[in-house]
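Chemist: coordinates for the following, if possible.
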Amino acid sequence: MSGTGLITTERRGRVLLIGFNRADKRNAFTSTMLAELATAYTELERDPELWAGVVFAHGEHFTAGLDLAEVAPKIVDAGFPLPEGSTDPWGTQGQPRTKPVVVAVQGWVLTLGIELLLASDIRIAAEDSRFAQIEIKRGIYPFGGATIRFPQVAGWGNAMRWLLTGDEFDAAEALRIGLVQEVVAPGEQLNRAIELAERICEQAPLGVQATITSARTAATEGEAAAIANLVPGLMKLMGTDDAKEGVMSFVERRKANFTGR
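Modeler: Next comes the predicted model:
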């Protein structure tokens with residue numbers, strides 16, 4: 001396990017585990033913590049040996065959101081503080097992420113914690129998770145993507161119910177509105193997230209990345225833009241070693257051994 005303390009990273013086969021490690025402050029994000037998380041996402045994105053990421057939190061809570069006393073003055077001066085050229089975990093600036101991320105949450109999941117879920121691909125919650133998008137109570141509004149993605153995921157009414165009131169909701173409600181895909185017993189969320197990430201890593205990584213890119217194109221640029229690239233994207237994949245291996249494994253009735261080439 002590595003990291004300077006606020007964010008930990010651990011390689012487990014093809015999976016990069018990324019952990020919040022400020023448990024004594026309910027994992028509230030400082031500007032340094034934001035930068036370290038972006039660095040970890042950049043490592044995941046750029047390393048060809050890594051095929052999926054799992055984001056989780058050490059301690060009882062996923063995150064209490066931003067440490068506003070420390071971060072707010074920097075936002076006023078320079079916007080959202082992330083290292084230049086890094087991969088934005090919230091996907092609102094810079095190059096978009098292409099590799100899959102599974103997130104496991106427990107305890108408090110506030111503000112940018114919800115937005116990190118919305119920016120990820122698969123979300124697992126412990127039964128004791130409690131969610132709230134409370135920016136509206138602080139005189140601001142969600143600026144990490146919730147105003148865009150929450151309505152896409154949950155529908156307009158469900159999103160506005162929580163965005164405009166700042167009220168707390170539980171894991172059952174998060175499951176009902178699609179914010180999370182599974183609810184598990186407390187303590188099991190990380191294991192389940194790793195299990196799903198490892199299952200993803202059994203698939204062809206270039207196909208996985210192309211799937212994410214196609215779906216994101218549809219969400220951000222519209223259905224027509226995604227449709228226009230379906231056949232060209234398929235043609236590109238069909239020329240890869242992994243596609244050839246996929247066909248051979250089908251013919252030979254065996255499990256495919258993908259390499260990411």
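
Chemist: test my guess that Gly19 contacts Arg12.
Modeler: No: at 11.9 Å, Gly19 does not count as touching Arg12 under the criterion of C-beta atoms under 8 Å. Placement of C-beta: from N, CA and C, glycine included.

Chemist: ok, these two, which is more surrounded?
Modeler: Neighbours per residue (other C-beta atoms under 10 Å) separate Gly19 from Arg12, with Gly19 holding more: 23 against 12.

Chemist: run a quick neighbour tally on the nearest residue in space to that one that is not next to it in sequence.
Modeler: The spatially closest residue to Gly19, leaving aside those adjacent along the chain, is Thr8, at 4.2 Å (C-beta to C-beta, 6 or more residues apart in numbering). Using other C-beta under 10 Å, the number of residues around Thr8 comes to 18.

Chemist: isn't Thr8 right up against Arg22?
Modeler: No: taking contacts as C-beta under 8 Å, Thr8 lies outside contact range of Arg22: 10.7 Å.

Chemist: picking up where we left off before, check what contacts the strand or helix carrying the residue nearest to Gly19 and list those residues.
Modeler: In this structure, Thr8 sits in strand 7-12 according to DSSP states H and E. Residues outside strand 7-12 that contact it (C-beta atoms under 8 Å, 6 or more residues apart in numbering): 1-3, 16-21, 33, 36-37, 39-40, 43, 50, 58, 194.

Chemist: same thing with stretch 208-226?
Modeler: With C-beta under 8 Å, 6+ apart as the test, stretch 208-226 has contacts from 51-52, 96-100, 121, 152, 200, 229-230, 233, 236-237.

Chemist: can I have the buried ones of these as a PyMOL selection?
Modeler: To isolate the buried subset of these in PyMOL, counting by 16 or more other C-beta atoms under 10 Å, use the following:
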select buried, resi 51+52+96+97+98+99+100+121+200+229+233+237
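
Chemist: of all the contacts of stretch 208-226, which comes closest to Gln106?
Modeler: Asp121 (18.9 Å; C-beta to C-beta).

Chemist: now that closest one: how far from Gln181?
Modeler: 9 Å (C-beta to C-beta, to the nearest Å).

Chemist: what of Met235?
Modeler: 31 Å.

Chemist: out of those two, which sits in the more crowded spot?
Modeler: Gln181 (14 against 9).

Chemist: list the contacts of that one.
Modeler: Ile122, Arg123, Ile124, Leu175.

Chemist: pipe those into JSON lines and attach neighbour count, distance to Arg216 and secondary structure per row.
Modeler: Below are those laid out as JSON lines (neighbours: other C-beta atoms under 10 Å; distance: C-beta to C-beta, whole Å; DSSP: H, G, I helix; E, B strand; the rest coil):
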{"residue": "Ile122", "neighbour count": "20", "distance to Arg216": "14", "secondary structure": "strand"}
{"residue": "Arg123", "neighbour count": "27", "distance to Arg216": "16", "secondary structure": "strand"}
{"residue": "Ile124", "neighbour count": "28", "distance to Arg216": "21", "secondary structure": "strand"}
{"residue": "Leu175", "neighbour count": "16", "distance to Arg216": "23", "secondary structure": "helix"}
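
Chemist: quick revisit: which ones among the contacts of stretch 208-226 are found in strands?
Modeler: The strands in this structure, assigned by DSSP state E, contain Ala52 from the contacts of stretch 208-226.

Chemist: out of the contacts of stretch 208-226, which is nearest to Glu115?
Modeler: Using C-beta to C-beta, Gln152 comes nearest to Glu115 of the contacts of stretch 208-226, at 12.6 Å.

Chemist: show me the contacts for the spatially most central residue of the chain.
Modeler: Nearest residue to the geometric centre of the chain (C-alpha atoms, centre = their mean): Ser120, 2.4 Å. Shown in contact with Ser120 (C-beta under 8 Å, 6+ apart): Val55, Val101, Val102, Val103.

Chemist: are any of the residues you listed buried, and which?
Modeler: Buried by 16+ other C-beta under 10 Å: Val55, Val101, Val102, Val103, out of the contacts of Ser120.

Chemist: still on that earlier bit, ok, which pair from the contacts of stretch 208-226 is furthest apart?
Modeler: Maximum distance among the contacts of stretch 208-226 (C-beta to C-beta): 27.0 Å, for Gln152 and Lys236.
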